[in-house]
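> Could you look at this predicted model? Sequence included:
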Amino acid sequence: INAEYGVAEDVNVSDVRIEDIKLEDGETEDKSEELVCPFALNLLKEIKEYQNLHGLKHDDYQRYRQYCSRRLHRIYKGLKFLHGSKKFTNKKITPDLFVKDIRYMQIILLQAERAWAYAMDLKRSSGINAEYGVAEDVNVSDVRIEDIKLEDGETEDKSEELVCPFALNLLKEIKEYQNLHGLKHDDYQRYRQYCSRRLHRIYKGLKFLHGSKKFTNKKITPDLFVKDIRYMQIILLQAERAWAYAMDLKQFANTESRKQVHLISKLKKAVLYAAELESNCVSLKCDTTTQLEAKAYHHYMMGILLFEQGNWQKAVVSLSAAQKIYNKLADAVEDSELYREKHDEMSPKVQYCLYNIQSLGVENIQGEDGEGLFQELDSIIANKATKSSVAAREIKWEGTSFTISNDDIKIQLVQMEDSIQLAKECTDHDKRLELYEEILSACRDITQQIRKSDKAENIELMTDYFTYIRLKNTVDRFLAMAQQVADRLSGVVETRAGSKIARPEDLVRLYDIILQNYADMKDISSLDKDGNTYQMIDVNTMFYRTKRCFYIAECHLGQSNWLNAIVLYDKCSEHIEQTEQAATGLQSNKTQSMIEDLQVLSKQIYSQRCSAHASAFLQTQLVEEEMKEISSDKNKMLADSLEEFKLLKNENDLPTIATLPPDFQPIPCKPTFFDISLNHIEFPDLEDRVEKESSGLSSFTKWIWGR
């Protein structure tokens with residue numbers, strides 16, 4: 001606008017009035033015609049569309065800046081508003097160009113957005129130093145906020161300090177690395193190679209390279225920790241890589257002495273990296289858990305080095321210090337299993353060291369630096385215990401009470417109670433069964449968590465309580481299924497096409513499962529044998545046994561076993577009397593509704609028994625008639641009924657002349673001769689009549705001639 005109205009570039013347009021501008025020769029002031037832009041550009045909407053579609057959803061300022069440059073180039077080319085092919089010629093956009101095309105306005109908007117995106121990208125890369133004006137070579141841990149000069153118009157805010165905004169769970173991070181990359185099978189070489197590859201990827205992502213041709217050692221200072229958590233992971237991975245290399249060399253150290261020397265040097269390097277990690281965490285005032293984990297990691301690495309060197313006394317001191325820190329963390333943090341596993345992992349090494357030195361002789365493990373952290377951690381544990389005791393859930397059951405302090409169990413318990421309430425109010429059968437499945441799954445998960453927990457008190461009582469809840473809801477689930485089958489069997493609910501037809505056998509099977517669950521309830525040790533809960537279980541068992549007996553009788557009735565059905569109906573009536581007597585002693589709404597159901601069932605049994613009795617009587621009459629028909633005169637032979645007159649109505653009434661094949665007739669048996677006098681007869685001697693054999697020459701000639 002300065003160029004249009006002849007105002008110098010260094011004059012502030014806000015101080016110039018339109019009346020002071022002199023008109024040129026021949027110009028007349030026409031106040032009716034003004035230069036008005038015919039377009040309306042919704043700037044904020046336009047900007048948001050650019051940003052959301054091109055990188056700023058993920059804070060990728062570089063991508064957004066590159067998009068602005070490409071878009072500007074396309075607009076320049078479309079408008080033929082180029083700045084020269086060989087030599088750059090700056091062209092200004094005047095207001096009269098706005099009237100011609102709205103894209104001129106977009107050019108200025110995109111130039112502003114490109115410059116802003118470039119600034120945000122630079123701010124992110126420069127980090128906290130660019131924000132507070134700290135030089136790159138200054139150690140942030142030595143800089144105080146009070147020493148930083150404020151710019152004009154800024155106010156001092158003493159609440160902001162240079163503190164690391166990240167909390168790195170070191171032990172969990174290390175365990176994830178180790179379990180996924182070889183250490184499940186003690187493959188230290190594979191783990192070391194993974195650490196090298198991971199370091200290379202982090203270097204490349206952070207652009208923290210060490211030169212392409214000549215190696216340039218770059219140190220990681222505490223101010224880099226504030227920029228990105230990956231700088232902390234670099235030191236951790238360097239320590240893990242050196243340790244894994246040492247453990248890989250240990251497998252060959254017994255046979256080659258040089259491997260032992262190499263092993264010690266790698267462990268020393270791992271200790272140096274662990275010490276650097278600890279010092280950086282302390283100087284940046286990370287949270288207490290991160291500082292203690294770094295200190296424990298340093299003690300552990302130092303203990304492993306001293307253990308391999310055979311310095312048993314100092315190794316015990318370092319390993320015991322690490323164990324004590326992990327014990328403290330296990331009491332303060334919810335996920336305590338990792339810390340306890342690490343503590344148990346170091347125990348054999350401590351015992352071996354004690355065996356070698358034959359006496360403990362442990363000096364002060366904590367030192368001055370550790371005491372403050374332990375005191376702070378003790379206060380965290382105390383606050384945690386106070387909060388958990390306030391938020392603890394107290395449950396009273398069977399005359400005893402217990403508290404649930406685990407947050408996960410409390411959340412699952414609340415969700416389970418909501419599901420139980422929804423299942424009671426739900427009318428849709430399928431949805432109701434899904435809710436019962438969620439309830440049973442929650443009960444199983446809670447029981448497993450209680451059994452795994454080392455801190456839980458009254459574990460047996462809590463386990464019995466949730467077992468009772470699980471069995472009770474299992475019974476309710478099968479009762480809902482039995483009710484649906486009974487409604488379909490009685491015709492209250494129509495059977496859908498393609499679904500299974502309801503049978504009494506289905507109800508018998510469901511009631512068998514219900515009775516088995518009640519039997520399991522009675523086996524719970526924490527139940528009071530004289531309490532109302534136990535007595536109610538007995539009454540329910542008798543009630544559903546009566547139902548089961550009734551439907552077994554229905555099965556026999558459907559199979560025309562009338563006599564068995566009558567006997568079972570009589571047995572069912574006996575069960576009803578016993579159940580009513582037991583339910584009368586327990587005055588409750590449930591027992592009252594149970595008695596009403598038994599009265600309805602008794603009437604149904606009476607009608608079904610009468611029907612079975614009548615069917616049995618009719619069956620006996622039919623059998624007698626069939627027997628008469630079988631033994632009728634129709635089957636008599638013609639020879640046996642010659643003196644009887646019969647009126648033959650059709651060909652089927654013709655008498656039987658003879659049976660083919662003929663019937664067998666009895667005949668006299670043929671006598672058998674038994675010679676019993678043979679043994680008593682003496683036969684005469686006939687030796688003199690037997691021809692005697694000749695001997696000598698005559699016999700020889702007979703032999704020759706074959707005589």
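Alright, I've got the coordinates.

> Flag the shaky bits of the stretch 501-650 of the chain, pLDDT-wise.
623-636 (pLDDT under 70).

> those helices in it, which residues are they?
Ranges of helices in the stretch 501-650 of the chain, per DSSP state H, counting those that start in this stretch, are 504-522, 532-558, 562-584, 589-630.

> And for the shortest one, what's in contact with it?
Contact with helix 504-522 is made by 468, 471-472, 474-475, 478-479, 481-482, 485-486, 489, 527, 534, 537, 540-541, 544-545, 547-548, 551-552, 554-555, 558, as judged by Cβ atoms under 8 Å, 6 or more residues apart in numbering. The C-beta positions use only the backbone N, C-alpha and C, and glycine is treated the same way.

> ok, Tyr569 - contacts?
So Tyr569 contacts 550, 553, 605, 608-609, 612 (Cβ under 8 Å, 6+ apart).

> what about the strands in the protein?
Shown for the chain, the strands assigned by DSSP state E span residues 393-397, 400-404.

> can you give me how far the first one is from the chain middle?
Okay, so that is strand 393-397. How far strand 393-397 lies from its chain's middle: 27 Å, per Cα atoms, centre = their mean, to the nearest Å.

> Tell me which of the strands of the chain approaches Lys250 most closely.
Between Lys250 and the strands of the chain, the tightest spacing by Cβ to Cβ is seen for strand 400-404, at 46.1 Å.

> Please name the nearest non-neighbouring residue to Leu557.
Leaving aside its sequence neighbours, Leu557 sits nearest to Ala565 (Cβ to Cβ, 6 or more residues apart in numbering; 4.3 Å).

> Run a quick neighbour tally on that neighbour.
Residues lying near Ala565 (other Cβ atoms under 10 Å) number 25.

> how about the helices of the stretch 501-650 of the chain, which one is nearest Trp397?
Per Cβ to Cβ, nearest to Trp397 of the helices of the stretch 501-650 of the chain: helix 532-558, 8.6 Å.

> in stretch 478-488, what counts as buried?
478, 480-482, 484-486, 488 (16 or more other Cβ atoms under 10 Å).

> Reformat these into CSV and put distance to Tyr191 and pLDDT next to each item.
Shown next, in CSV, are the buried residues of stretch 478-488 (distance: Cβ to Cβ, whole Å; pLDDT from 0 to 100):
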residue, distance to Tyr191, pLDDT
Phe478, 51, 90
Ala480, 53, 88
Met481, 53, 89
Ala482, 57, 89
Gln484, 57, 87
Val485, 58, 87
Ala486, 62, 87
Arg488, 62, 84
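
> What are the boundaries of the helices in the stretch 101-250 of the chain?
103-126, 128-132, 170-180, 188-206, 222-227, 230-250.

> Just say which of the ones you listed is most tucked in.
helix 230-250 (a mean of 22; mean count of other Cβ atoms under 10 Å).

> OK, contacts around the closest residue to Tyr511 other than its chain neighbours?
Distances taken as Cβ to Cβ, 6+ apart place Arg548 nearest to Tyr511, at 3.9 Å, with adjacent residues excluded. By Cβ under 8 Å, 6+ apart, the residues touching Arg548 are 507-508, 511-512, 515.

> Make a ChimeraX selection of whichever of those residues turn out to be buried.
Restricted to buried positions by 16+ other Cβ under 10 Å, the ChimeraX selection for those reads:
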select :507,508,511,515
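
> With respect to Ser283, which of the contacts of Arg548 is nearest?
Leu515 (69.1 Å).

> isn't Phe466 right up against Leu440?
No. The pair Phe466 / Leu440 is not scored as a contact, 10.8 Å apart, by Cβ atoms under 8 Å.

> more crowded one of those two?
Just comparing Phe466 and Leu440: by other Cβ under 10 Å the higher neighbour count belongs to Phe466, 22 against 18.

> For that one, give its distance to Asp430.
For Phe466, the distance to Asp430 (Cβ to Cβ, to the nearest Å) stands at 26 Å.

> how about Thr546, what does it touch?
572, 575-576, 579, 598, 601.

> Just give me the neighbour total for the residue lying closest to it once chain neighbours are set aside.
Excluding its sequence neighbours, the residue lying closest to Thr546 (Cβ to Cβ, 6+ apart) is His575, at 4.0 Å. His575: 19 surrounding residues under other Cβ under 10 Å.

> and His575, what does it touch?
With Cβ under 8 Å, 6+ apart, His575 has these contacts: 542, 545-546, 549.

> need those in TSV with distance to Lys45, can you?
TSV is the format used below for those (distance: Cβ to Cβ, whole Å):
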residue	distance to Lys45
Met542	74
Arg545	74
Thr546	74
Cys549	76
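
> so which of these is the most crowded?
Highest neighbour count within those, by other Cβ under 10 Å: Thr546, with 25 neighbours.

> Report pLDDT for Cys164.
At Cys164, the model reports a pLDDT of 53.

> what does Ala3 give?
So, for Ala3, pLDDT stands at 46.

> So the residue nearest to Met346 when sequence neighbours are not counted versus Cys353, what's the distance?
With sequence-adjacent residues excluded and distances taken as Cβ to Cβ, 6+ apart, Met346 is closest to Leu319, at 5.1 Å. Per Cβ to Cβ, Leu319 is found 7 Å from Cys353.

> How about Lys204?
On the measure of Cβ to Cβ, Lys204 and Cys353 end up 42 Å apart.

> same question, Leu601
Taking Cβ to Cβ, one finds Leu601 at 76 Å from Cys353.

> who has more neighbours, the two?
Cys353 (24 against 19).

> My guess is the more buried one contacts Glu308. True?
No. Between Cys353 and Glu308 there is no contact under Cβ under 8 Å: 11.7 Å.

> Give the residue spans of the chain that score low on pLDDT.
1-41, 124-167, 211, 334-335, 358-393, 454-457, 497-498, 623-636, 692-707.
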